[in-house]
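*Asks:* from the sequence below, what's the structure:
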Amino acid sequence: MPVLSNNPFTVAEEIIKHINVDIIVVDFHAEATAEKIAMGYFLDGKISALYGTHTHVQTADERILEKGTGYITDIGMTGPIESVIGMDKEVSIKRFVTSIPERYKLAEGDCKLNGVVFEIDDITNKTNRIYRINT
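*Replies:* Numbers count the residues shown, from 1 in each chain. Here you go, the predicted model:
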């Protein structure tokens, strides 16, 4: 399968054309929410579900797109609640205030679990329901 570009949109489309499976779930690891939303619309109807990762903050925009693709911009993180994306908050704040690189340290304390469950119809391969997990 030739990859024609480094553009994630065209690469995803090319990969999908060359795989022979019924259900396709995409983890789109991107910083910007706009990139994730655009990719969801771009792949709507071509895949069963798409969830975004990277920002570690769960979004509340889970939905089924027009052509049946389940979607959420970011599933969130699993890790310490009192933290900056799982890292010690004091170290993170120091890095932002001083602009001096400092080794991140994993935060401690009570943790949370974020995620999503897509209920996918195994006849149509489309998403019927989405359940956001935030415990």
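
*Asks:* most distant residue from the centre of the protein?
*Replies:* Centroid-distance maximum for the chain: Thr98 at 30.5 Å, with C-alpha atoms, centre = their mean.

*Asks:* once you drop chain neighbours, what's closest to Gly40?
*Replies:* Among residues not flanking Gly40 along the chain, Tyr71 sits closest, at 4.4 Å (C-beta to C-beta, 6 or more residues apart in numbering). Yep, even glycine has a C-beta here, placed from its N, CA and C like the rest.

*Asks:* what of Glu119?
*Replies:* Using C-beta to C-beta, 6+ apart, the closest residue to Glu119 is Arg129 (4.1 Å).

*Asks:* for Asp88, see how far away Phe28 is.
*Replies:* 28 Å (C-beta to C-beta, to the nearest Å).

*Asks:* same deal with Ile133?
*Replies:* Distance from Ile133 to Asp88, by C-beta to C-beta: 25 Å.

*Asks:* more crowded one of the two?
*Replies:* Asp88 (18 against 14; other C-beta atoms under 10 Å).

*Asks:* could I get the contacting residues of that one?
*Replies:* For Asp88, the contact set (C-beta atoms under 8 Å, 6 or more residues apart in numbering) comprises Tyr104, Lys105, Leu106, Ala107, Glu108.
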